[in-house]
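Participant: mind looking at a prediction? Sequence and model below.
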Amino acid sequence: MVLAVHLYMRLMKKGRVFWLLVLASVPAGIYWLAGLTVDQRELETLYSSALSAAGYTFSIAALILTVATLRDERDSGTLPYIYMRPLSRLSMALSSIGAGIAAALTIAIGAWAATVVAVLLVGPDLSVVVPGLALFAAAAIGYAALFVPLGYLVPRALLVGLGYIIVIEFILAQAVTGFAQLSIWRIALSIYADAGGEMSEFALEVLGPVNPGVGGGVLKIAGVLVVGVAVLTWALKSRDAL
């Protein structure tokens, strides 16, 4: 727990968090601007479109934040001191990914809160925003479980992570059914689609072949989390901390 708090506080630098919140909140701003000229009856589907498009910005914000969880420690030369503590590698992996999840959830809640403000400004009823929190929370857990080990294992993790987001999530996932099943954002969106309100045509297009379902989506995110912990535990045991 102490290690997780330490890593979380190290990640949450004011400047970094502020600009990442701005980045993740861009779709909420677009919804607000578009909502000023859209008929009130179309606002609910417009909201689901804005949430679906949030994957383009939130995934990048989560990458920039969580990939630094252990990389910052390595770059500053403090990682070997963490290794000296009487902690199992599993505990270290759980603490690291837990810190990454907490950091990503902070950005997720901020991005969701921005959509709440946008809805308060233009409508529709606030009930449409509640399921959106599940979307951002699930995506935060999935991305942290993926990007924290990536940041430890790969020297240029930001480039690799951007490659995953651009190539896998937003190019191949639209064309190949199998790759769509590997998209963290689509898995999270499937949870929203099952728990949320009316889906727009754009939102359904983003979801693609991934079937809506809270249970299935939660199981997939849990699977990503287990794999992420396992990979990071292995890496901490076998890779040179320096």
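Facilitator: Perfect, thanks for sending it.
Participant: and the longest helix for this protein?
Facilitator: helix 89-122 (DSSP state H).
Participant: find the nearest non-adjacent residue to Gly142, please.
Facilitator: Ile184 (3.9 Å; Cβ to Cβ, 6 or more residues apart in numbering). Glycine gets a C-beta too; all of them are placed from N, C-alpha and C.
Participant: re earlier: which elements pack onto the longest helix of the chain?
Facilitator: helix 2-11, helix 14-24, helix 26-35, helix 43-66, helix 68-76, helix 130-153, helix 214-238 (3 or more Cβ pairs under 8 Å, 6 or more residues apart in numbering; DSSP states H and E).
Participant: worst average pLDDT in the ones you listed?
Facilitator: When the helices and strands packed on helix 89-122 are ranked by mean pLDDT, helix 68-76 comes last with a mean of 73.
Participant: pick out the residue closest to the middle of the protein.
Facilitator: Compute the mean C-alpha point of the chain, and by Cα atoms, centre = their mean the closest residue is Ala140, 3.1 Å away.
Participant: which residues sit in contact with it?
Facilitator: Ala140 makes contact with Ala62, Ile101, Ala104, Leu105, Ile107, Ala108 under the criterion Cβ atoms under 8 Å, 6 or more residues apart in numbering.
Participant: if I look at the spatially closest residue to the second one that is not a sequence neighbour, how far off is Glu169?
Facilitator: With Cβ to Cβ, 6+ apart as the measure, Ala144 is the residue that lies nearest to Ile101, at 4.3 Å, once sequence neighbours are left out. For Ala144, the distance to Glu169 under the criterion Cβ to Cβ, to the nearest Å works out to 15 Å.
Participant: so which of the two has more stuff around it?
Facilitator: Higher neighbour count among Ala144 and Glu169: Ala144, with 31 against 20, using other Cβ atoms under 10 Å.
Participant: any idea how far that one is from Leu236?
Facilitator: In terms of Cβ to Cβ, Ala144 sits 16 Å off from Leu236.
Participant: do Thr106 as well
Facilitator: Taking Cβ to Cβ, one finds Thr106 at 24 Å from Leu236.
Participant: between the two, tell me which one has more neighbours.
Facilitator: Leu236 (23 against 18).
Participant: picking that back up, out of the helices and strands packed on helix 89-122, nearest to Ile165?
Facilitator: Ile165 lies closest, by Cβ to Cβ, to one member of the helices and strands packed on helix 89-122: helix 43-66, at 5.0 Å.
Participant: contacting residues for the spatially closest residue to Ser190 that is not a sequence neighbour?
Facilitator: Leaving aside its chain neighbours, Ser190 sits nearest to Gly217 (4.5 Å; criterion: Cβ to Cβ, 6+ apart). Gly217 makes contact with Ala138, Ile187, Ala188, Ser190, Ile191, Asp194, according to Cβ under 8 Å, 6+ apart.
Participant: if we use 10 Å, what do you get?
Facilitator: By Cβ atoms under 10 Å, 6 or more residues apart in numbering, the contact list for Gly217 reads 134-135, 138, 142, 186-195, 210-211.
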